[in-house]
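Novice: how would this look folded up:
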Amino acid sequence: MAASLYGVSSLLLVVVGTAPSGAQHGHRPCQGKEESAGIVLARTSTSLSIWWELSVRAASGLEAKAQHSSPSKALPGLSMPLFCSVSLDPLPMQGPELGIQVDDVEAPEIEQEPKQEVLENKNVMRRSHDARQKLLRLGIFRKVEVVIDTSRGEGALPNGLDVTFEVTELRRLTGSYNTMVGNNEGSMVLGLKLPNVLGRAEKLTFQFSYGTKETSYGLSFFKPQPGQFERNISVNAYKVTGQFPWSSLRETDRGISTELSFPLWKTSQTLKWEVVWRELGSLGQTASFAIREESGHSLKSSLSHAMIIDTRNSSILPRKGGLLKIHQELAGYTGGDARFLKEDFEIQLNRALVLDSVISASLWGGLLLPIGEKATCIADRFYLGGPTSIRGFSMYSMGPQSDGDFLGGEAYWAGGLHLYTPLPFRPGRGGFGDLFRTHFFLNAGNLCNLNYGEGPQAHLKKLAECIRWSYGLGIVLRLGNIARVELNYCIPMGVQSGDRICDGFQFGAGI
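Specialist: Numbering: from 1, shown residues only. So this is what the prediction gives:
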């Protein structure tokens, strides 16, 4: 048996390379740089199994020859050669004398967990979709397609992915036709656009709008910040002619403006400088003397700021989320004869209830402060009433008036509570019936002029006096993401002298 063990050790030395002389005569053959390369094979489970199989086969083959061989032929200095084969001490993996190099040993490849790979692929798809939406928002591509494939070619990673965006640009000159609805007014809009006019998503747009009460046309240039599409600057030149029958007034505005828009935290901010040459006139011979006094030319140069926080899931019929709008305008310090400070806000909260119903609460208000001795212009004041604000009252037909012509006010507030429910006979979800909603509402508000020498308490008291309010029910139709149409049965309350009401059915359209 000793001869067999010596034979196995000798065979191992022959298979993996002869050990150096320092290791042959030492009593600790498993230490130092002169260790047998057979130890290297024993470091992995695969190599250990191969080594063991070779050892067993060699031992079985040599035992038969040991009966005829002389003990003097055994290799000296290897009293326990088998001990080295099972040692797991760390050994050097370099050196030409070992007969094996580091690159020759193939470490087992660790396969990534399928769950992690799926999560990474989902992340790639989500980020690719976000990038596609940003490209479409630039307004210079007709179509954007995303192609995701495995990496190929030089430098490709084993689990790498190639993401390719295939885009189709718009024509150099495009035209558009659409309709707009707002504040119980509809208009037809024609437009011409030069997209990507300078090669960096700039747009030059000409737009003509013809409406029931207003006609306008204008030229605008839009330029986004490279890499930050939400940050942009625009320059506009326009002319607007409007008729306001509730005031027997006609107004023509010619102006230029510059706007800077940018996001800040969760808000959308807009800074604007505007210069407007305004021409006011009466609509007919029946206009009141107060309206005739307002006729003439005026120049307004103002700086304004607007902040919007909008978390609603829809701007037409939201089911959840809120809206906050704050707007400030300062006129007179950059030129012009109009001098005032104007502040207004709007708050809206929406919450889903049981049985697919939604409750909505809103509050909005404003204040106009004249600067200097000159009174404010009728074109800068607030107006209230109508199917999109205080239902049950005619359009902008509340507050101060003169001989039937409404003059607007310098302070106002309004609020509403709305309950939207599905139609009781709706056959099921996903059909035409989803565009309709049953509408229950309660509105209240007031519009007046303030004496600014009386103080805040007197102002609040005056705003709390003579409150107009109304309630009723009706049906709301959603027109896509454009507007909403309402048909309500209204019961106006708190009507003051001179107010025009709409008792009974009232039709309205707006946002």
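Novice: so the protein: which segments form each domain?
Specialist: Each structural domain of the chain that the record assigns through automatic domain parsing is listed here as a residue range: 2-104, 114-169, 245-510.
Novice: do you know which of those domains lies nearest N232?
Specialist: Set against N232 and scored by Cβ to Cβ, the domains of the chain come closest in domain 245-510, at 5.4 Å. From N, CA and C alone the C-beta is placed, and that goes for glycine too.
Novice: quick one: average pLDDT of the closest one?
Specialist: Here domain 245-510 scores 92 as its mean pLDDT.
Novice: do you have the helices of the stretch 351-500 of the chain handy? List them.
Specialist: When assigned using DSSP state H, counting those that start in this stretch, the helices of the stretch 351-500 of the chain occupy the ranges 456-464.
Novice: then the stretch 201-350 of the chain?
Specialist: Along the stretch 201-350 of the chain, the segments classed as helices by DSSP H, counting those that start in this stretch run 289-294.
Novice: which strands and helices sit next to the lengthiest helix in the chain?
Specialist: Taking residue count as the measure and DSSP state H as the definition, the longest helix of the chain comes out as helix 114-137. If you count contacts as 3 or more Cβ pairs under 8 Å, 6 or more residues apart in numbering; DSSP states H and E, helix 114-137 packs onto strand 141-150, strand 161-169.
Novice: identify whichever of these lies nearest to W413.
Specialist: Going by Cβ to Cβ, the one of the helices and strands packed on helix 114-137 nearest W413 is strand 141-150, 44.7 Å.
Novice: got the CA positions of the closest one in PDB?
Specialist: Presented in PDB, the C-alpha positions along strand 141-150 are these (Å, rounded to 0.1, in the frame of the first residue of the first chain):
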ATOM      1  CA  PHE A 141     -41.200  65.600 -34.400                       C
ATOM      2  CA  ARG A 142     -44.200  64.000 -36.000                       C
ATOM      3  CA  LYS A 143     -43.400  60.600 -34.700                       C
ATOM      4  CA  VAL A 144     -40.900  59.100 -32.200                       C
ATOM      5  CA  GLU A 145     -40.400  55.400 -31.900                       C
ATOM      6  CA  VAL A 146     -38.200  53.500 -29.400                       C
ATOM      7  CA  VAL A 147     -36.300  50.300 -30.300                       C
ATOM      8  CA  ILE A 148     -34.700  48.300 -27.500                       C
ATOM      9  CA  ASP A 149     -32.300  45.500 -28.400                       C
ATOM     10  CA  THR A 150     -29.400  43.500 -26.900                       C
END
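Novice: just list what that strand packs against, helices and strands only.
Specialist: Contact here means 3+ Cβ pairs under 8 Å, 6+ apart; on that basis strand 141-150 packs against helix 114-137, strand 161-169.
Novice: who are the neighbours in contact with F221?
Specialist: By Cβ atoms under 8 Å, 6 or more residues apart in numbering, the contact set of F221 is 202-205, 234-236.
Novice: now those residues in CSV, with neighbour count and distance to T212?
Specialist: Written out in CSV, the entries for the contacts of F221 read as follows (neighbours: other Cβ atoms under 10 Å; distance: Cβ to Cβ, whole Å):
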residue, neighbour count, distance to T212
E202, 16, 33
K203, 21, 28
L204, 17, 29
T205, 20, 23
S234, 18, 27
V235, 13, 29
N236, 18, 23
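Novice: tell me the one of those residues nearest L192?
Specialist: Of all the contacts of F221, T205 has the smallest distance to L192: 7.2 Å, by Cβ to Cβ.
Novice: and the pLDDT for that closest one?
Specialist: In the predicted model, T205 carries a pLDDT score of 96.
Novice: next one: E120
Specialist: Confidence per residue is given as pLDDT, and for E120 that number is 69.
Novice: what of T150?
Specialist: The confidence metric pLDDT takes the value 86 at T150.
Novice: residues in contact with the nearest residue in space to it that is not next to it in sequence?
Specialist: With sequence-adjacent residues excluded and distances taken as Cβ to Cβ, 6 or more residues apart in numbering, T150 is closest to L161, at 6.4 Å. With Cβ under 8 Å, 6+ apart as the criterion, the residues that contact L161 are 121, 124, 148-151.
Novice: please apply the same query to L280.
Specialist: The neighbours of L280, taking Cβ under 8 Å, 6+ apart as the test, are 249-251, 294-298, 377-379.
Novice: what's across from it in the sheet?
Specialist: According to DSSP bridges, the partner residues bridging L280 are E251, G296.
Novice: could I get the domains of the chain as a markdown table with distance to Q228?
Specialist: Conversion of those to a markdown table gives the following (distance: least, Cβ to Cβ, whole Å):
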| stretch | distance to Q228 |
| --- | --- |
| domain 2-104 | 48 |
| domain 114-169 | 10 |
| domain 245-510 | 8 |
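Novice: who wins for proximity to K193 among those?
Specialist: Within those, the stretch nearest K193 is domain 114-169; the backing value is 8.2 Å (Cβ to Cβ).
Novice: from the chain's centroid, how far away is the closest one?
Specialist: 19 Å (Cα atoms, centre = their mean, to the nearest Å).
Novice: again, but for stretch 186-200
Specialist: A distance of 23 Å separates the C-alpha centroid of stretch 186-200 from that of its chain, computed with Cα atoms, centre = their mean.
Novice: and what of stretch 164-180?
Specialist: Worked out by Cα atoms, centre = their mean, stretch 164-180 lies 21 Å from the chain centre.
Novice: pull the residues that contact that stretch.
Specialist: Under the criterion Cβ under 8 Å, 6+ apart, residues 131-132, 135, 139-149, 186-196, 209, 211, 482-483 lie in contact with stretch 164-180.
Novice: narrow those residues to those that are buried.
Specialist: 132, 135, 139-141, 144, 187, 193-196, 209, 211, 483 (16 or more other Cβ atoms under 10 Å).
Novice: which parts of stretch 502-511 are buried?
Specialist: Within stretch 502-511, the residues that qualify as buried are 502, 506, 508-510, counting by 16+ other Cβ under 10 Å.
Novice: oh sorry, the question was meant for stretch 389-405
Specialist: For stretch 389-405, the buried set under the neighbour-count rule, 16+ other Cβ under 10 Å, comprises 389-402, 405.
Novice: return the subset of those residues lying in strands.
Specialist: For those, membership in strands holds for 401-402, 405, with DSSP state E as the criterion.
Novice: surely G504 meets L487?
Specialist: No. In terms of Cβ atoms under 8 Å, G504 does not count as a neighbour of L487; the distance is 11.2 Å.
Novice: who wins for neighbours among the contacts of L280?
Specialist: If you count neighbours using other Cβ atoms under 10 Å, the busiest of the contacts of L280 is L249, which has 23 neighbours.
Novice: ok, now how distant is that one from V146?
Specialist: Counting by Cβ to Cβ, to the nearest Å, the separation of L249 from V146 is 53 Å.
Novice: next: G227.
Specialist: 20 Å.
Novice: what sits up against the longest helix of the chain?
Specialist: For helix 114-137, the surrounding residues in contact (Cβ under 8 Å, 6+ apart) are 141, 144, 146, 148, 159, 161, 163, 165, 167, 229.
Novice: give me the pLDDT value at the nearest residue to the third one once chain neighbours are set aside.
Specialist: So the one you mean is V146. Distances taken as Cβ to Cβ, 6+ apart place S128 nearest to V146, at 4.9 Å, with adjacent residues excluded. Taken from the predicted model, the pLDDT recorded for S128 is 91.
Novice: F262 - nearest residue in space that isn't next to it in sequence?
Specialist: Closest to F262 by Cβ to Cβ, 6+ apart is R231, at 4.5 Å.
Novice: show me the contacts for the residue nearest to G415 when sequence neighbours are not counted.
Specialist: Spatial nearest neighbour of G415, chain neighbours left out: L363 (4.5 Å); criterion: Cβ to Cβ, 6+ apart. When the contact criterion is Cβ under 8 Å, 6+ apart, the partners of L363 are 346-348, 413-415.
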